[in-house]
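Colleague: pasting the sequence and the predicted coordinates here, then a few questions.
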Amino acid sequence: MLAIKNLHSSIGGSEILKGVNLDVLEGKVHALMGQNGSGKSTLAQTIMGHPSFEVTAGDIELNGTSILDMEPTERARAGIFLSFQYPSEVGGVNIASYLRLIYNKSHDAHLSPVKFREILKEKMEILRMKEDFLSRYLNDGFSGGEKKRMEMLQMLVLEPKLVILDEVDSGLDIDAVKIVSAAVQHLHEATRASILIITHYSRILKYIEPDFVHIMKDGLIAKTGGAELANELEEKGYAHIA
Ligand SMILES: Nc1ncnc2c1ncn2[C@@H]1O[C@H](COP(=O)(O)OP(=O)(O)OP(=O)(O)O)[C@@H](O)[C@H]1O
Ligand SMILES: [Mg+2]
């Protein structure tokens, strides 16, 4: 569904992605691993269309159509969701109103606050979130783990076709990793969404089993394998693998 072809991407004149080729298949789970600074977040940001990154060569196609000319909001509307490695705080934005807004936009719906609460309640149960969360402002004073859950709640509300998770598991306690994984798994099973999960640890991949594992090195996909590759990596380290 997402075809990345010979993608070159630069920031501030320095080339970070040096010809990435990657096919994210419909309804499949792909894990993306690799050492610090290898370009994983750059790839995620470039897919989403972050304005700081300049694509100098190659293409990104969603279901056969190039998305390079699309704004980030258009890419989101086309069904791509990126959960950030470092979510930002948005002061003064009420969570319940915000979520209803993005739900109505993404679903072409006009749900009332009462009707939307019913939908939201079910999704919050998956994430074991308490209802008093809804009266707070977006990410304002949230703990690291709460921010990540908030991101996952947005994901469940938007029901994207392609989910990119950038280190969603870092900084989470063991129970939270399970809960976040369950949310991703729920979406994956309910809608057959494709998942691209960037992680350093095979732990989360025990709960969301990948069909493919890709290892990035110096701005390139250096190796692709099955779920066993993540375990091999944990045992032997990067030097041995790539
Ligand atoms: N704004 C920027 N200005 C200059 N260099 C940048 C910028 N953003 C990223 N880079 C560089 O691009 C390279 C890749 O960074 P990126 O964040 O994509 O790595 P990563 O694989 O996600 O690493 P990590 O595992 O630590 O999250 C790094 O060398 C980084 O310093
Ligand atoms: Mg990163």
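Modeller: Received it, and whenever you're ready, just let me know what you need. Ligands and ions are numbered 1, 2, ... in the order given.

Colleague: how close does the closest residue to residue 158 other than its chain neighbours get to ligand 2?
Modeller: Of all residues not flanking residue 158 in the chain, residue 106 sits nearest, at 5.0 Å (Cβ to Cβ, 6 or more residues apart in numbering). Bear in mind the C-beta positions are built from the backbone N, C-alpha and C, glycine included. Distance, residue 106 to ligand 2, using Cβ to the ion, to the nearest Å: 26 Å.

Colleague: list the helices and strands the helix or strand containing residue 106 packs on?
Modeller: Per DSSP states H and E, residue 106 falls inside helix 95-107. With contacts defined as 3 or more Cβ pairs under 8 Å, 6 or more residues apart in numbering; DSSP states H and E, helix 95-107 has these neighbours: helix 72-77, helix 113-126, helix 144-158.

Colleague: which other helices and strands does the first one contact?
Modeller: This points to helix 72-77. Using 3+ Cβ pairs under 8 Å, 6+ apart: helix 72-77 touches helix 40-48, helix 95-107.

Colleague: which stretch among those helices comes nearest residue 127?
Modeller: helix 95-107 (12.3 Å; Cβ to Cβ).

Colleague: quick one: contacts of the closest one?
Modeller: Defining contact as Cβ atoms under 8 Å, 6 or more residues apart in numbering, one finds that helix 95-107 is touched by 76-77, 90, 109-111, 113, 116-117, 119-120, 133-138, 150, 153-154, 157-159.

Colleague: 7 Å instead, please
Modeller: Around helix 95-107, the neighbours that count as contacts under Cβ atoms under 7 Å, 6 or more residues apart in numbering are 109-111, 113, 116, 120, 133-134, 136, 138, 154, 157-158.

Colleague: which of those residues sit farthest apart?
Modeller: 110 and 136, at 24.8 Å, using Cβ to Cβ across the contacts of helix 95-107.

Colleague: and those two? Which one has more around it.
Modeller: Using other Cβ atoms under 10 Å, the more surrounded residue of residue 110 and residue 136 is residue 136, with 16 against 8.

Colleague: pull the number of nearby residues for the residue nearest to residue 158.
Modeller: Other residues lying near residue 106 total 16 when counted by other Cβ under 10 Å.
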